[in-house]
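1. I would like to see how this sequence folds:
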Amino acid sequence: MPQNVSSAELAERLIDAVMAQRLAPGTRLSEQQLADLFGVSRTIVREALTRLTVRGVVEVNSRRGWFVVQPSPNDAREAFEARRVIETGLLLEASPGLTAAGLRTLRAHLARERRAIASDDAAQRSWLLGDFHVCLAECLGNHLLADILRDLTTRTHLISMLYQSSHEARHSCDEHAQIVAALEAGETQDAVRLMREHLQHIADELLIAAPADPLDSMRSTLAPVEAAVARRRQAGAARNLNVTPATTRGTRSSTPASATPAKSAVPPKTLKSAQALKPAASSKLLKPLIKPLT
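-> All right, here's what the predicted structure looks like:
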């Protein structure tokens, strides 16, 4: 159904789909399908996808099109390191701190997290767990960092899609509640410690599960089959046994020493004429090949 959204709104819809784990890493994003779905031109779609390319969520291939990025474990590690610096610094530098309105907003957010986990709604659960960090930055009054954290949490969601279970999600929700409780009590240092530990727990769980080497699967698939290798060795050994050694050394020529070479059947005049033509013909053939470059 046509919706006539702007490029910015379309970009945010795609971000939401990633955070809800509906758009998996490597998903191809068709310009025409998105244009038909949202009732916009392909120009609007390209603008939205270009925005997401800058934000590190989408990548483009000149021949294959647009795709959701597939971050490596190292990319995830860097994203979590960036989040650790930003979010702990945000808690330390926040002034005047968490207001009563901000506290109510965070408590409501935690309640929605718990309901989503209890209902086993994977999309809501994933989006809410990531949005908690954005919501916290907004409640602390820093909307610029909130925008940065939205992109960082989107990137970390891309790699967490295959590795985070509902049990880990419940653990994350509990840690969110502990951070909010520390802020409510005015214990900023405790909140910083809890945030650092929370991010480290998530990073450890994801990066331990992720393959260290992207070629591991292919390497295992193409490992040598011992029976096949042994069979080839046996076949090679059998072929070597059937090879007859050379016997030309020390043999004499079967041509008598007194034998005279056979006379040419071509008349001498004709032979001389053919030999004279050979250089000229060769020159004509080579001339275009060695023509100077201009």
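
2. the residue nearest to the spatial centre of the chain and residue 190: what is the separation?
-> Centrality entry for the chain: nearest residue to the mean C-alpha point is residue 70, 3.2 Å, by C-alpha atoms, centre = their mean. Applying C-beta to C-beta, to the nearest Å, the value for residue 70 to residue 190 is 37 Å. Heads up, the C-betas are built off the backbone N, CA and C, glycines and all.

3. which outside residues touch stretch 228-247?
-> For stretch 228-247, contacts defined as C-beta atoms under 8 Å, 6 or more residues apart in numbering pick out no residues.

4. confidence score at the residue nearest to the centre of the chain?
-> Note on residue 70: pLDDT of 89.

5. OK, contacts around the nearest residue to it once chain neighbours are set aside?
-> Leaving aside its chain neighbours, residue 70 sits nearest to residue 25 (4.1 Å; criterion: C-beta to C-beta, 6 or more residues apart in numbering). By C-beta under 8 Å, 6+ apart, the residues touching residue 25 are 68, 69, 70, 71, 158, 159, 161.

6. wait, which of those is closest to residue 186?
-> The shortest approach to residue 186 among those belongs to residue 159, at 34.9 Å (C-beta to C-beta).

7. my guess is that closest one contacts residue 74. True?
-> No - the criterion here is C-beta atoms under 8 Å, and residue 159 misses it with residue 74 at 10.3 Å.

8. the two: who's more crowded?
-> Using other C-beta atoms under 10 Å, the more surrounded residue of residue 159 and residue 74 is residue 159, with 25 against 11.

9. how about the host helix or strand of the more buried one: buried residues?
-> Using DSSP states H and E, residue 159 sits in helix 143-160. Residues 145-146, 148-160 are the ones in helix 143-160 that count as buried (16 or more other C-beta atoms under 10 Å).

10. re earlier: over to the residue nearest to residue 70. Which of the three states is it?
-> Per DSSP: H, G, I helix; E, B strand; the rest coil, the secondary structure class of residue 25 is coil.

11. that one and residue 74: what is the separation?
-> From residue 25 to residue 74 the distance is 15 Å (C-beta to C-beta).

12. got the CA positions of stretch 106-117 in CSV?
-> Taking C-alpha atoms only, stretch 106-117 is exported to CSV below (Å, rounded to 0.1, in the frame of the first residue of the first chain):
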residue,chain,number,x,y,z
LEU,A,106,13.1,4.4,31.7
ARG,A,107,10.8,2.4,34.0
ALA,A,108,8.1,2.3,31.4
HIS,A,109,10.7,1.1,28.9
LEU,A,110,11.9,-1.7,31.2
ALA,A,111,8.2,-2.8,31.7
ARG,A,112,7.9,-3.1,27.9
GLU,A,113,11.1,-5.1,27.7
ARG,A,114,9.8,-7.6,30.3
ARG,A,115,6.5,-8.0,28.5
ALA,A,116,8.2,-8.6,25.1
ILE,A,117,10.5,-11.2,26.6
